[in-house]
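Student: could you look at this predicted model? Sequence included:
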2 protein chains.
Amino acid sequence: MSAPLQPRLDRAMSSVTIPPPECMLRPLEVPFRYLFGPGPSNVPPRVLAAGGRGIIGHLHPEMYEIMNDIKKGIQYAFQTQNNMTIAMSGSGHAAMECAVFNTVEPGESVLVAVNGIWGERVAEIAERMGANVHIMVKAPGGVFSNGEIEKALAKHKPVLFFLTHGESSAGLAHPVDGIGDLCHIDILYTGSQKALNAPPGTAPISFNERACQKMFNRKTKPVSYLFDMAHLSNYWGNDGQPARLYHHTGPVSGFFSLRESLAILAEKGLEESWRHHREVAGYLWKGLEDMGLKLFIQNKDLRLPSVTTIAIPEGYNWREMLQYIMKHHNMEMTGGLGPSTGMVSVRGVLKF
Amino acid sequence: MSAPLQPRLDRAMSSVTIPPPECMLRPLEVPFRYLFGPGPSNVPPRVLAAGGRGIIGHLHPEMYEIMNDIKKGIQYAFQTQNNMTIAMSGSGHAAMECAVFNTVEPGESVLVAVNGIWGERVAEIAERMGANVHIMVKAPGGVFSNGEIEKALAKHKPVLFFLTHGESSAGLAHPVDGIGDLCHIDILYTGSQKALNAPPGTAPISFNERACQKMFNRKTKPVSYLFDMAHLSNYWGNDGQPARLYHHTGPVSGFFSLRESLAILAEKGLEESWRHHREVAGYLWKGLEDMGLKLFIQNKDLRLPSVTTIAIPEGYNWREMLQYIMKHHNMEMTGGLGPSTGMVSVRGVLKF
């Protein structure tokens, strides 16, 4: 019954020269770790179970329903009614590139506030796609005043101004009051493994009407087809078209787990989630200070409640300390990122 | 104990204006479907279970071990010893953009053989990044002769020639014998949901030494930071550096399930997997023909054993047929992709 492929198969069989790797005949080993870095954190069993369910097709009507739910869940988490709200099929960097690639055209002016790794990354991304990039720089964890921002905006007249609200590499929650009066294009993104407690691999992002006006009235196509919001908007049912066309194959399991993590947030409520984070953060800060440790962000009002950074005590080797904690307590803490490497130890808050 | 955030929190609480969405208070609903499209297909329980395990950090030594295993598993599946073998943190399109972005610089010549959706996509991707794109076109499922390829290579002198081996939109396994003698830069990629039976969201890709020579001796940086092989190479431990630096956060759960699917292939063996696919495909082809249906690819030697395409019988509405099959049998079949839309019905092979 199956003659046709025989000659091709015989030829192929004789070309198997690389044997099955020994390591793959051993079972997958995943140790338990307390994940106290800036993300991923330990994932609640409900979210893990959702990600392990049997999958359906990326273009099935039931998948569209799940994506619609995710959109509403993100709108709730972000407290926005922006229609152009989706989850990227990738980590936070995919959202970062999506934001820049879609709203900026080559040669246009971009202003980036750099006070940690995320500003550095956005400046690099914007440079690569040919933007005219200007940066304002502070030491890791530094705060830009509205006056400084206003002055730089007037000078560089950017089409995009980037500021990190939650600078996880420094533990800084940058104040945003009043910045909306200075510049109005509004894009917000995060990673599924931040605060939402889902596995990494998806990234909520939302564009307001002004951002849509800018990105859907371009002269040139965005450099990435995969991250082109004209296509992603259709895939997420945001463009008012009756049919969703095949663009790429979304991470079906990743969307299941993202939906579950957003459902937990909706059940708990934002107010309770914020209260809980604040309470646990306050408890952690006090405990660390009682031990004689200094927190990296001294002004309590500027600390992220979700990621706490500890200044490395003088005379200690941060790598050795983190290795000790991992070896003896199965606890992950990290040593800063980018410009804050070696300056801080980053410790997330256990959230469930 | 937790006074510091109180004023900020009170202000934030009063700004919760979007209520929790009703739809998120309902549990996740995922129906069972027989997935007989070109991918994703039904995922074996072992692979689902791996994807649902508790996670570890993306930069933990144990995660590096898992990534090393994945690399060896891909080398086995691809039958290559290429050091520059990784899995992308994204679907097949991420691998497609990675291949083009890294090996081509703006203004360089690219030749694309278009006989279905994948050639169309690569041509679009290469155009967006500023390549000088030339295309050779055939109807969906058409085969390019080595003579035609040789002539076009001589005419356009491309730095990159793209040919789809498994054109899932047409069900074509394009012959590749002798093409290696015509052009030597060698990159191979696929999606985790193709043949490997993992959920979508990761994409194996491999570059040979010549491809590395080209991509690591560029004058310009690749336009995407996220897909820059200089960084991904370090993340996967392929660059000989002692330390892996933070680049992006990989899809930890997706890597778990990809490793499991590659482990199943290693246990079963390529020869047995090929034999099994061939046997089941032959059985399916015969059954379809016995029902009076015509297969889209008439030459049996040119048919993909993993994806079978059926010519839509004249006088039938393909959308209605597919909807009937889904409604009455919970079976997914799809209606072609891109240029083959409405010409074929695509049916994968149940693999477990």
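Tutor: Happy to help now that I have it.

Student: contacts, neighbours, all on C-alpha from now
Tutor: Will do.

Student: report pLDDT for A:Tyr316.
Tutor: You'll see A:Tyr316 listed with a pLDDT of 88.

Student: enumerate every residue touching it.
Tutor: Neighbouring residues of A:Tyr316 by CA atoms under 8 Å, 6 or more residues apart in numbering or on different chains: there are none.

Student: quick one: secondary structure of A:Ile205?
Tutor: Following DSSP: H, G, I helix; E, B strand; the rest coil, the label given to A:Ile205 is strand.

Student: you'd agree it is up against A:Gly90?
Tutor: No: with contact defined as CA atoms under 8 Å, A:Ile205 does not count as touching A:Gly90 (11.2 Å).

Student: give me the more crowded residue out of the two.
Tutor: Taking neighbours as other CA atoms under 10 Å in any protein chain shown, A:Ile205 and A:Gly90 compare with A:Gly90 leading, 31 against 25.

Student: what about the helices in the stretch 251-352 of chain A?
Tutor: A:252-268, A:270-290, A:318-329 (DSSP state H, counting those that start in this stretch).

Student: to A:Phe144, which of these lies closest?
Tutor: helix A:270-290 (23.8 Å; CA to CA).

Student: so that closest one versus helix A:252-268, what angle?
Tutor: Put simply, helix A:270-290 runs at 90 degrees to helix A:252-268, going by axes from the mean of the first three to the mean of the last three CA atoms, to 10 degrees.

Student: just checking, what packs against helix A:270-290?
Tutor: Using 3 or more CA pairs under 8 Å, 6 or more residues apart in numbering or on different chains; DSSP states H and E as the contact test, the elements touching helix A:270-290 are helix B:6-13.

Student: just to revisit the earlier point, out of the helices of the stretch 251-352 of chain A, deepest packed?
Tutor: helix A:252-268 (a mean of 25; mean count of other CA atoms under 10 Å in any protein chain shown).

Student: for the closest residue to A:Asn82 other than its chain neighbours, the count of nearby residues, please.
Tutor: In this structure, A:Asn82 finds its nearest non-sequential neighbour in A:Asn208, 5.3 Å apart by CA to CA, 6 or more residues apart in numbering or on different chains. A:Asn208: 18 surrounding residues under other CA under 10 Å.

Student: show me where chain A has its strands.
Tutor: Remark: strands assigned in chain A by DSSP state E are A:34-35, A:84-88, A:109-114, A:132-137, A:160-162, A:166-167, A:172-173, A:187-189, A:203-207, A:307-311, A:331-332, A:344-348.

Student: what lines up beside the first one in the sheet?
Tutor: The strands beside strand A:34-35 in its sheet (DSSP bridges) come out as strand A:331-332 (parallel).

Student: and the contacts of the strand it pairs with?
Tutor: A:Arg33, A:Tyr34, A:Leu35, A:Phe36, A:Gly37, A:Leu322, A:Ile325, A:Met326.

Student: turn those into a markdown table, columns for distance to B:Ile18.
Tutor: Output for the contacts of strand A:331-332, formatted as a markdown table (distance: CA to CA, whole Å):
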| residue | distance to B:Ile18 |
| --- | --- |
| A:Arg33 | 36 |
| A:Tyr34 | 33 |
| A:Leu35 | 31 |
| A:Phe36 | 30 |
| A:Gly37 | 30 |
| A:Leu322 | 41 |
| A:Ile325 | 41 |
| A:Met326 | 41 |
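
Student: pLDDT at A:Ser192, what is it?
Tutor: 96.

Student: is it true that it touches A:Phe255?
Tutor: No: between A:Ser192 and A:Phe255 there is no contact under CA under 8 Å: 9.8 Å.

Student: what residues are shared contacts of the two?
Tutor: Counting by CA under 8 Å, 6+ apart, the residues touching both A:Ser192 and A:Phe255 are A:Thr202.

Student: so what's the residue count around the residue nearest to A:Leu288 when sequence neighbours are not counted?
Tutor: Nearest non-adjacent residue to A:Leu288, counting by CA to CA, 6+ apart: A:Lys294, 7.5 Å away. Counted with other CA under 10 Å, residues neighbouring A:Lys294 total 16.
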